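Trainee: pasting a predicted model and its sequence here:
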Amino acid sequence: MDLVTTPAEVAGLRRLYPQSIHGVLWLQTHFPASEWDALLQDQACFSADCLDHLLSDAVDAGLLVHQLVAA
């Protein structure tokens, strides 16, 4: 697994974090260095629309994505 999403505490937002070096490298090519700490520490939250776009690009790049759903 390269990237994982989990529900955030705020309704409608989801967290995104890397689970592999490939996930880390992919994130670093898509976000400025000033955002890396939040991304690597599971602190980055995204709306569903934004996350769908990001994950579509990640899958197209060959990454494995796991989306955890809220129970």
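Mentor: Nice, I can see it.
Trainee: so who does the residue positioned nearest the centre of the chain touch?
Mentor: Centroid-nearest residue in the chain: Leu16, 2.9 Å away (criterion: Cα atoms, centre = their mean). By Cβ atoms under 8 Å, 6 or more residues apart in numbering, the residues touching Leu16 are 3-5, 39, 44-46, 51, 54. For glycine as for every other residue, the C-beta is placed from the backbone atoms N, C-alpha and C.
Trainee: and it, what helix or strand is that in?
Mentor: strand 13-18 (DSSP states H and E).
Trainee: that strand: which residues count as buried?
Mentor: 14-18 (16 or more other Cβ atoms under 10 Å).
Trainee: that strand - which strands sit beside it in the sheet, and in what orientation?
Mentor: Neighbouring strands of strand 13-18 in its sheet, by DSSP bridges, are strand 3-7 (antiparallel), strand 45-47 (antiparallel).
Trainee: between these, which gets nearest to Val24?
Mentor: Closest of these to Val24 is strand 3-7, at 9.5 Å (criterion: Cβ to Cβ).
Trainee: let's have the strands paired with strand 13-18 in JSON lines, adding mean neighbour count and mean pLDDT.
Mentor: Formatted as JSON lines, the strands paired with strand 13-18 follow (neighbours: other Cβ atoms under 10 Å; pLDDT from 0 to 100):
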{"stretch": "strand 3-7", "mean neighbour count": "18", "mean pLDDT": "93"}
{"stretch": "strand 45-47", "mean neighbour count": "16", "mean pLDDT": "95"}
